[in-house]
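Participant: The following block contains a protein sequence and its predicted model.
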Amino acid sequence: MADPSFAVLQKVRNGKRTFGITPRIPGGFITPGDLIRIAQVAEKYKGQIKITSGQRITILGIQPEDVELAWKDLGMEPGVRSSYSVKNVEICPASFCKRAKQNSMKLGLRLEKKFYGRPAPNRTKIGVTGCLNACTSANSKDIAVLADPEGYIIRAGGSAGFYPRLPDEIARGLTESEAERMVEAVFDYYATNAELGDKLGPFIDRIGLEQFIKGTMELYGT
């Protein structure tokens, strides 16, 4: 039997397979109604709720035959459409935070809507934060958008995975609209030129930061 769609296989115990499902929660902002619905589905299918590091909620312990039914009851989109896509856009609550230097929440939610599920050479994470505290751990994301009093800073290639890597700075002092365009340019250059399976950081290391910035700026200027 093939594994169900939009579900992650968990540890197999005594030959029994269970799955986790994770609905899309843009930027970690969720309505009370959706929160209640997640709890009801977890209770109905005897699942366990887990808050993820990606600002989402996953339901663990779902039986294979119940996965499709659980998704139908949720009535929500999956958090991750493919392993080769933009996995998530993490957003800090800048509109509500006294430390924020820019209202990056608006930009972050636009980026989430624009990049949700977009195909990529490998799983890709984007972090958006309103100050250099980087509460979304933006510096560990493939594309980081950070803010200071002078505007937005774009960094690329960060990773907290098996091979940790600090990101490279691509541009700074950008307006909100310029930052959005720069994220698109960074992503498009990566998606067009990297090989399938390439993470953004190793791709930059392979071609060289100078070439990556040059190619990104050419796209940004078009």
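Facilitator: Received, thanks.

Participant: how distant is stretch 202-214 from the center of its chain?
Facilitator: Distance of stretch 202-214 from the chain centroid (C-alpha atoms, centre = their mean, to the nearest Å) equals 22 Å.

Participant: tell me how far the ends of it are from each other?
Facilitator: Distance across stretch 202-214, first residue to last, is 17 Å (C-alpha to C-alpha, to the nearest Å).

Participant: Other residues contacting stretch 181-188?
Facilitator: 86, 111, 114-115, 118, 120, 124, 126, 143, 145, 154, 156, 170-171, 174, 216-217, 219-220 (C-beta atoms under 8 Å, 6 or more residues apart in numbering). In short, each C-beta sits where N, CA and C put it, glycine included.

Participant: Can I get it in PDB? Just the C-alpha atoms.
Facilitator: This file holds the C-alpha atoms of stretch 181-188, laid out as PDB (Å, rounded to 0.1, in the frame of the first residue of the first chain):
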ATOM      1  CA  ARG A 181      11.700  42.000  -5.400                       C
ATOM      2  CA  MET A 182      15.100  41.000  -4.100                       C
ATOM      3  CA  VAL A 183      13.700  37.800  -2.500                       C
ATOM      4  CA  GLU A 184      12.100  37.000  -5.900                       C
ATOM      5  CA  ALA A 185      15.500  37.500  -7.600                       C
ATOM      6  CA  VAL A 186      17.400  35.400  -5.200                       C
ATOM      7  CA  PHE A 187      14.900  32.600  -5.400                       C
ATOM      8  CA  ASP A 188      14.500  32.700  -9.200                       C
END
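
Participant: wait, doesn't A138 sit right on V128?
Facilitator: Yes - look at A138 against V128 with C-beta atoms under 8 Å: they come within range, at 6.9 Å.

Participant: Dihedrals phi and psi, A42?
Facilitator: Here is the backbone geometry of A42 (degrees, to the nearest 10): phi -60, psi -40.

Participant: Could you check how far it is from L60?
Facilitator: 9 Å (C-beta to C-beta, to the nearest Å).

Participant: Now do the shared contacts for those two.
Facilitator: Joint contacts of A42 and L60 (C-beta under 8 Å, 6+ apart) are 48-49.

Participant: higher neighbour count, those two?
Facilitator: Using other C-beta atoms under 10 Å, the more surrounded residue of A42 and L60 is A42, with 22 against 16.

Participant: correct me, but that one touches T58?
Facilitator: No - using C-beta under 8 Å, A42 makes no contact with T58, being 9.6 Å away.

Participant: circling back to that earlier point, sort out for me which of the contacts of stretch 181-188 are in helices.
Facilitator: Judged by DSSP state H, the contacts of stretch 181-188 include 111, 114-115, 216-217, 219-220 as members of helices.

Participant: low-confidence ranges in this protein?
Facilitator: Along the chain, the model assigns pLDDT under 70 to residues 1-2, 222.

Participant: need the strands for it, in chain order.
Facilitator: Remark: strands assigned in the chain by DSSP state E are 8-9, 19-21, 48-51, 57-62, 86-91, 124-128, 143-148, 151-156, 168-174.

Participant: quick one: contacts for G130?
Facilitator: With C-beta under 8 Å, 6+ apart, G130 has these contacts: 92, 94, 97, 99-105, 147.

Participant: contacting residues around the nearest residue to A138 once chain neighbours are set aside?
Facilitator: Excluding its sequence neighbours, the residue lying closest to A138 (C-beta to C-beta, 6 or more residues apart in numbering) is G127, at 3.2 Å. Going by C-beta under 8 Å, 6+ apart, G127 touches 89-90, 134, 136-141, 143-145, 158.
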